[in-house]
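Colleague: Attaching a predicted model along with its sequence, questions to come.
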Amino acid sequence: MDIEVSASRRLKGVVKAPPSKSYTHRAIMLAGLSKGSTKIYDPLLSEDPLATIDAMRLAGANIDIRDGYLFVRGNAGEVEGPQLVDVKNSGTTIRIMSSVFSLQSKKVTLTGDASIQKRPMGPLLEALEGAGVKTSSKNGFPPISVQGPIKGNLIRIRGDVSSQYISGLLIACPLRREDTTIEITTELKSKPYLDVTLDALDDFGVEVNAGEDFRTFNVPGQQTYARGEYTVEGDYSGAAFVLGASALTEGEVVVRDLFEESKQGDKYFIEILKMMDANVRTKKDSVEVIGGSSLRAVEVDLSQTPDLLPITAVMCSLACGKSRIHNVEHARIKECDRISAMSVGLKRMGAKIDERPDGMIIEGVDSLQGATIESFADHRIVMAFAVAALKAEGTTRINQAESVAVSYPDFIENMQELGANLKKV
């Protein structure tokens, strides 16, 4: 499915943020590992969390999808060892569940689609091997195999490729008999996602002691996950596209279910908007953006929030002055090389961009030109260019737009409800 988007002067209305994909993944995993049953309310039932549901079922959890919630009967930490797990396109699933399946002694092979098979797994496999797990891979890439159990009291792992490796260990290790120390051996990227993991662990009754700057984690063993009910909060990552669209147009948009006290790192997009002089109003459980004013250039370090790269690049391409986005080289190993995809696509629309290894330099322009955009089946690339097209002359056509279902299944309908000139073709 493609979408066509043309200039839209004004967006107006109230929409509900999509449920957080990060919290949904973690809630499914922790409920699946719990003793007893858990009701997970308002989960994101998009492609990636559905892959996690499939993986947890193979791990021995019983999960029913009901109207408005998931009913999960946990495996009480007794992880089963299936022969094969297909995670489809979900990087979170393969990176976290690899550690979970390493808790038991049967060989488990994890694989996925063509995009997943380009995602590096080497740092995690090296860490697991150091903890006694037998592993194999295709030169550090999926398909991978793990055969545990995890042994010893110390796991050393790099933190500069993906925090999801560490999240997987933090989720698995409380179920071990022994206590575990996890030591981060490099600079840590995407730290806020570990805040989300620790928040979810605490909600499910598990204790992890994080050292200063998250360089070490002490994880007591023989713990039990348990939670009767859990509600997934709204997603700042998805809401960023709607909020950005409002700022670029003469918008008056409120997004509900965005909590002021959220641990989500992508809440940083609110600060980016404020730095750009956008009119932003935050409340306890919602964010409003009123557009129509000029935006100014910014310099932003996205090392901790790489998923904000696509929408931030769009905002900067239409801001006054020269912006710099940097320290986000790990955005090149997402569903696609997002730095390259955004640079190529925005240049095609008339933006002035100097692509750098770790980001880009962007000279803002008054307006963009409609173009045909390759999305690489990346949900965030589709949504970013849909926003850019609202300020472009002519029509923009974006391919493989069905990929928005990965994180924001209602994105197209929500944008139409707000008044965007957007249609499926």
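Modeller: Perfect, thanks for sending it.
Colleague: and Val85, that's in a strand?
Modeller: Yes. Applying DSSP: H, G, I helix; E, B strand; the rest coil, one finds Val85 inside a strand.
Colleague: got a list of what it touches?
Modeller: Shown in contact with Val85 (C-beta atoms under 8 Å, 6 or more residues apart in numbering): 54-55, 58, 97, 101, 108-111. Heads up, the C-betas are built off the backbone N, CA and C, glycines and all.
Colleague: Beta-bridge partners for it, please?
Modeller: On the basis of DSSP bridges, Val85 is bridged to Leu110.
Colleague: What distance do you get for it to Lys334?
Modeller: 21 Å (C-beta to C-beta, to the nearest Å).
Colleague: how about the contacts of Val85, which pair is most distant?
Modeller: Spanning the widest gap among the contacts of Val85 are Asp54 and Thr109, at 14.5 Å by C-beta to C-beta.
Colleague: returning to that earlier point: got the contacts of Val85 as JSON lines, with neighbour count columns?
Modeller: Output for the contacts of Val85, formatted as JSON lines (neighbours: other C-beta atoms under 10 Å):
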{"residue": "Asp54", "neighbour count": "17"}
{"residue": "Ala55", "neighbour count": "27"}
{"residue": "Leu58", "neighbour count": "19"}
{"residue": "Met97", "neighbour count": "28"}
{"residue": "Phe101", "neighbour count": "27"}
{"residue": "Val108", "neighbour count": "25"}
{"residue": "Thr109", "neighbour count": "18"}
{"residue": "Leu110", "neighbour count": "24"}
{"residue": "Thr111", "neighbour count": "17"}
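Colleague: Closest one of the residues you listed to Leu309?
Modeller: Checking the contacts of Val85 against Leu309 by C-beta to C-beta gives Met97 as the nearest, at 25.6 Å.
Colleague: Strands along the stretch 251-400 of the chain, start to end?
Modeller: Ranges of strands in the stretch 251-400 of the chain, per DSSP state E, counting those that start in this stretch, are 252-256, 279-282, 286-290, 299-301, 322-326, 352-356, 359-363, 368-369, 372-373, 392-393, 395-398.
Colleague: Of these, which is nearest Pro192?
Modeller: strand 299-301 (12.8 Å).
Colleague: Mind putting the strands of the stretch 251-400 of the chain into JSON lines with mean neighbour count and distance to Leu125?
Modeller: Output for the strands of the stretch 251-400 of the chain, formatted as JSON lines (neighbours: other C-beta atoms under 10 Å; distance: least, C-beta to C-beta, whole Å):
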{"stretch": "strand 252-256", "mean neighbour count": "21", "distance to Leu125": "39"}
{"stretch": "strand 279-282", "mean neighbour count": "15", "distance to Leu125": "41"}
{"stretch": "strand 286-290", "mean neighbour count": "22", "distance to Leu125": "40"}
{"stretch": "strand 299-301", "mean neighbour count": "17", "distance to Leu125": "29"}
{"stretch": "strand 322-326", "mean neighbour count": "20", "distance to Leu125": "29"}
{"stretch": "strand 352-356", "mean neighbour count": "15", "distance to Leu125": "30"}
{"stretch": "strand 359-363", "mean neighbour count": "22", "distance to Leu125": "28"}
{"stretch": "strand 368-369", "mean neighbour count": "19", "distance to Leu125": "42"}
{"stretch": "strand 372-373", "mean neighbour count": "20", "distance to Leu125": "35"}
{"stretch": "strand 392-393", "mean neighbour count": "17", "distance to Leu125": "44"}
{"stretch": "strand 395-398", "mean neighbour count": "22", "distance to Leu125": "36"}
